[in-house]
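> I would like the atomic coordinates for the input below:
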Amino acid sequence: MKKYNICLDVGGTKVLGVIFNEKREIIYRLKKRSKTGEASTKSVEDVIVSIVEEMIKESGIKRSEINAIASCAPGVINQQTGIVLFAPNLPMRNYNMRAVMEDKFGVPFFVGNDVNLGVLGEYKYGCGRGYKNIVGLFVGTGMGGGLILDGKMYTGNLFKGAELGHIILDPEGPLCNCGQRGCLEAFSSKTGMSNYIREQLARGRQSEMAVAVENGTFRSKRMKKALEAGDVVAMEAVDRACHYLAVATGNLINTFSPDLVVYGGGMIEACGDLFLGKILTELDRYCWPTIRDSVDVKIAALGDDSVLYGDLAMIEEG
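Here you go, the predicted model:
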């Protein structure tokens with residue numbers, strides 16, 4: 001009997017892999033850097049394959065016991081064909097991930113957008129249980145969004161919808177990795193916050209985050225330490241991020257009238273209470289009271305595992 005599912009979270013800075021048993025329990029976990037700095041699809045592919053191979057070897061499970069493998073990735077992904085069309089924080093363009101993984105491991109492979117699956121995971125197994133309409137915003141290296149509408153994951157035409165992180169809030173704003181200006185991601189993701197901190201450092205200001213942002217984005221735990229130490233520049237970056245999250249959330253509430261808004265991702269897992277408090281302080285200014293009154297706002301209950309449980313749900317739904 002095939003009783004194990006392997007699920008992957010492929011992000012802009014790391015690849016996290018887990019093995020689920022038949023009781024939906026995680027029995028093995030492994031994380032590696034995704035090597036995006038090498039700017040090569042092959043280098044990221046090698047990390048993904050090595051994680052699966054190492055988990056199988058070290059966990060002691062047999063290949064014949066693997067039911068399926070599923071993965072998420074940021075960007076636009078055709079779930080039907082398994083092709084990553086565009087990933088703004090990964091060197092993947094029109095990349096047939098399904099073909100590579102099924103050829104390598106000989107089991108069914110599923111792939112979808114990371115935050116779509118994160119919201120699906122929360123809907124099925126986390127804080128979204130019992131809700132039918134959910135808006136999700138996940139703050140990581142980038143900024144992803146996901147929607148559950150009438151109890152089903154909404155992905156739009158050709159799986160290209162729900163790119164909520166690329167709502168344009170200021171057409172003259174900072175350049176986003178997607179090529180547009182003023183996206184929510186450019187303000188409120190770890191990349192956006194890192195860019196703001198670097199701008200302030202270039203003006204001669206001091207911050208404990210200087211080394212952390214020198215070669216890219218910071219680690220969420222490092223930002224938490226800076227905030228706890230009273231770092232003014234770091235707090236300004238967070239205030240700015242939360243302001244634009246509140247603006248975007250208000251617009252999404254007015255548009256979809258969801259039962260629930262959920263915030264997730266690495267930054268929220270590290271500093272969720274702080275972010276949520278700041279967002280809620282402003283949120284009511286940006287949406288109609290009669291709509292806002294029927295919306296709950298929560299932090300993802302599954303933390304860093306939201307998308308992995310979304311992978312599992314994708315496998316179970318076939």
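> ok, now which ones touch residue 281?
residue 246 (Cβ atoms under 8 Å, 6 or more residues apart in numbering). Every C-beta, even on glycine, is put in place using the N, C-alpha and C of the backbone.
> if I look at it, how far off is residue 243?
10 Å (Cβ to Cβ, to the nearest Å).
> Then residue 294?
Between residue 294 and residue 243 the distance, using Cβ to Cβ, works out to 24 Å.
> Look at the two and report which has more neighbours.
residue 243 (18 against 10; other Cβ atoms under 10 Å).
> Okay, and that one sits in which element?
Element membership of residue 243, judged by DSSP states H and E, is helix 232-256.
> Kindly report the same for residue 115.
For residue 115, the host element (DSSP H and E) is helix 114-125.
> After that helix, which helix or strand is next?
strand 134-139.
> So in that sheet, which strands flank that following strand, and in what orientation?
Here strand 134-139 has these sheet partners by DSSP bridges: strand 143-149 (antiparallel), strand 260-264 (parallel).
> Next one, pLDDT for the closest residue to residue 267 other than its chain neighbours please.
Counting by Cβ to Cβ, 6 or more residues apart in numbering, residue 267 lies nearest to residue 139, which is 4.1 Å off, once chain neighbours are set aside. pLDDT, residue 139: 95.
> residues touching residue 291, list them.
Contacts of residue 291 (Cβ under 8 Å, 6+ apart): 253-254, 257.
> ok, so of those, who is nearest residue 115?
residue 253 (17.4 Å; Cβ to Cβ).
> What's the local residue count around the closest one?
With other Cβ under 10 Å as criterion, residue 253 counts 22.
> Any figure for the gap between the nearest residue to it once chain neighbours are set aside and residue 170?
Counting by Cβ to Cβ, 6+ apart, the nearest residue to residue 253 once its immediate chain neighbours are dropped is residue 287, at 4.3 Å. Separation of residue 287 from residue 170 (Cβ to Cβ) stands at 19 Å.
> same check, this time on residue 233
21 Å.
> So between the two, which is more surrounded?
Remark: of residue 233 and residue 170, residue 233 carries more neighbours, 21 against 14, as counted by other Cβ under 10 Å.
> how about the nearest residue to that one once chain neighbours are set aside, what does it touch?
Nearest residue to residue 233, sequence neighbours excluded (Cβ to Cβ, 6+ apart): residue 207, at 3.9 Å. By Cβ under 8 Å, 6+ apart, the residues touching residue 207 are 197, 200-201, 226, 231-234.
> so which of these is the most crowded?
residue 234 (27 neighbours).
> I'd assumed residue 226 was in contact with that residue.
Yes - judged on Cβ atoms under 8 Å, residue 234 makes contact with residue 226 at a distance of 4.2 Å.
> Give me the common contacts of the two.
Going by Cβ under 8 Å, 6+ apart, residues that sit against residue 234 and also against residue 226 are 207-209.
> Looking at those, which are in strands?
Among those, DSSP state E puts none in strands.
> thinking again about what came up before, how close does the residue nearest to residue 233 sit to residue 141?
For residue 207, the distance to residue 141 - Cβ to Cβ - is 19 Å.
> Can you list the strands that the helix or strand where residue 29 lies pairs with?
Secondary structure from DSSP H and E places residue 29 in strand 26-33. Sheet pairing of strand 26-33 (DSSP bridges) gives strand 14-20 (antiparallel).
> CA atoms only for the partner strand, dumped as PDB, please.
Taking Å, rounded to 0.1, in the frame of the first residue of the first chain, the C-alpha atoms of strand 14-20 are listed here in PDB:
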ATOM      1  CA  LYS A  14      14.900  28.000   0.600                       C
ATOM      2  CA  VAL A  15      13.300  24.700  -0.400                       C
ATOM      3  CA  LEU A  16      11.500  22.900   2.500                       C
ATOM      4  CA  GLY A  17      10.500  19.300   2.100                       C
ATOM      5  CA  VAL A  18       8.300  17.100   4.300                       C
ATOM      6  CA  ILE A  19       7.000  13.500   4.300                       C
ATOM      7  CA  PHE A  20       3.300  13.000   5.300                       C
END
